[in-house]
Structure formats: structure tokens, C-alpha cells
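Q: What follows is a predicted structure for the sequence shown.
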Amino acid sequence: MQPLRQPACLPTCPTGALFKRKKDGIVDIDSTLCIGCRRCEAACPYGAPQFDPSDGLVKKCNLCVDEIEAGRKPYCVMACMMRTLDVGPIDLLRANKYETKAIGPGETPVGNVKNLANPELTHPSIVFVVHSKGKVG
């Protein structure tokens, strides 16, 4: 298991609007605390926080935590017609021991792909299945 590190955005937020949930590691944002300073956006090597000029606040995917709390998958996973997205325990996904349609027979999940920031920076909880003609970063 890789060491857990703090996401790069957390220490840059002056108000504590960004936080990492202890029970599942999901990084979420409390928009009532966000002041739109965009420090988190600049610090994130993955481009996850995005400034929304319509309200002057930063937004980011939180894996639809309300859906996860209700025992369902995030909307992106449920809507993916090709079944290429899924969420699950990261240690099982990394070990290719999680039953999912997103990983086909003979496919092996990897921790990095071309043009993505070096995962050694923050050890993100994500895996990829590289297309047979794809390149690993």
C-alpha cells in the first residue's frame, strides 16, 4: 500500500474550505467557506479544483458524496455507457482484486498515464486501465 499524503490543495486554502474525509479519503469543498482565492487551483497538479467565474468560487468533483452515502455510485459511473468508470476500495483496485466491469479480462490497472502529473507528488487514489494501444506515463 502506498503512503497516504495530504492533497496539495489542502494546506493552501486559507479558510479550510477544502477537507479530506477521514472515512473514505474523498477531498471535498465547503463552498460556504470558499473565498475564491484560487490558491488550491494553482497548487493542484491534477487540475481538480476549477474556478467558477459565475459565482467567484472554486468547485471540484467530490465523487457525489451524497450518492456514496446512500450506497450508490457517483453519477458519472452510473451514466458511463461504456462502463469505463468505477469507484471502489483503492487497495483492491490497485491489486486488480475488485470486481468491476471497468477492468476487462487480462487488463491490469496502473497508477499513471502519459501527460498526468507524477503520482509520487501526492499518491492519488486513482488507477487507470491503459488501452491496448495506449502508453503508460
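A: Received, thanks.
Q: Quick one: low-confidence residue ranges for this protein.
A: In the prediction, the chain carries residues with pLDDT under 70 at positions 1-4, 133-137.
Q: Strands along that one, start to end?
A: 18-20, 27-29, 50-52, 57-59, 109-110, 128-129 (DSSP state E).
Q: Of the ones you listed, which is nearest M82?
A: strand 128-129 (11.7 Å; Cβ to Cβ). C-beta here means a position set from N, CA and C on the backbone, and glycine is covered the same way.
Q: What is the closest one packed up against?
A: Packing partners of strand 128-129 (3 or more Cβ pairs under 8 Å, 6 or more residues apart in numbering; DSSP states H and E): strand 109-110.
Q: Give the pairing partners of the strand it packs on; include direction for each.
A: In the sheet, strand 109-110 lines up against strand 128-129 (antiparallel) (DSSP bridges).
Q: Need the residues that contact the strand it pairs with.
A: Here strand 128-129 makes contact (Cβ atoms under 8 Å, 6 or more residues apart in numbering) with T84, A102, I103, G104, E107, T108, P109, V110, G111, N112, V113.
Q: now for the strands of the chain, which one comes closest to V77?
A: That would be strand 128-129 among those, by Cβ to Cβ, at 14.3 Å.
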